[in-house]
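**Student:** following is a predicted model, sequence given first.
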Amino acid sequence: MALSNELARNLLDIKAVQVNPTNYFTWTSGIKSPIYCDNRLTMSHPTIRKKITKAFIDMIDNMPEKPDVIAGCATAGIPHAAWLADKLDLPMVYVRSKPKGHGKGNQIEGACTKGLKVLVIEDLISTGGSSLETASVLKAQGAEILAVHAIFSYGLDKARQLFKKENINLATITGYDELLNVMEHDNLLSKSEHEQLIEWRDNL
């Protein structure tokens, strides 16, 4: 079984991802969505989080350039960045959503990344805004952004366009399409529901 499908099934099993084609969830943005994704739950499942780390390592092995530093997006990307950096024996930093309101007012926590090649780790890509903001903060401090890697993506066209505009590579372990394929294969979705959910995503 492809790892992308295997992990999609794992996320379903632990209810990190839930899909309901008849009773939509409401995102923080107010968007009504048939899918709810909370990859923070993977922290509580050692076998799955190790599988995620291994998948990130495999993705790095296929990169033409290797990172000097692993950077985590606040907050859910931070633990996965830490586990990955530990396995690779690399420095790790994390980037706050905004500068700290006291002390030195840091937005980047960890050693200086100026002149270093950085891989950004995120848990979830929706529009891509938060991870691209993380990349922007790092670039402003002199880092070279190699890519953003994430656990899961909704596959929104808006995200693809934003990453293309910023000329930053995006790769994810699994995503919305793999999830729906697994659900239909496991008889958790009908073919018509599958088509409905694809149409929702493509029209968002």
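**Tutor:** Arrived safely.
**Student:** okay, now Ala81: neighbour count?
**Tutor:** 27 (other CB atoms under 10 Å). Bear in mind the C-beta positions are built from the backbone N, C-alpha and C, glycine included.
**Student:** use 700 as the first number from now on
**Tutor:** Sure, I'll start counting at 700 from here, so that last one is Ala780.
**Student:** quick one: name whatever helix or strand follows the lengthiest helix in the chain.
**Tutor:** Looking across the chain with DSSP state H, the single longest helix is helix 745-760. Using DSSP states H and E, the helix or strand that follows helix 745-760 in sequence is strand 768-772.
**Student:** what sits against the residue nearest to the spatial centre of the chain?
**Tutor:** By CA atoms, centre = their mean, the chain has its centre lying nearest to Ala849, at 2.7 Å. For Ala849, the contact set (CB atoms under 8 Å, 6 or more residues apart in numbering) comprises Gly776, Ile820, Glu821, Asp822, Leu823, Ile824, Ser830, Leu869, Ala870, Thr871, Ile872.
**Student:** tell me which of the residues you listed fall in helices.
**Tutor:** Gly776, Ser830.
**Student:** top of the contacts of Ala849 by neighbour count?
**Tutor:** Ile820 (31 neighbours).
**Student:** show me what contacts it?
**Tutor:** Phe755, Ile769, Ala770, Gly771, Cys772, Gly776, His779, Ala780, Leu783, Val847, His848, Ala849.
**Student:** name the nearest residue to it, ignoring sequence neighbours.
**Tutor:** If the residues on either side of it in the chain are set aside, Ile820 comes closest to Ala780, at 4.1 Å by CB to CB, 6 or more residues apart in numbering.
**Student:** with Thr752 instead?
**Tutor:** Trp782 (4.8 Å).
**Student:** what is the helix or strand encompassing that neighbour packed up against?
**Tutor:** Using DSSP H and E, Trp782 falls within helix 776-787. Applying 3 or more CB pairs under 8 Å, 6 or more residues apart in numbering; DSSP states H and E, one finds that helix 776-787 contacts helix 745-760, strand 768-772, strand 791-794, strand 816-824.
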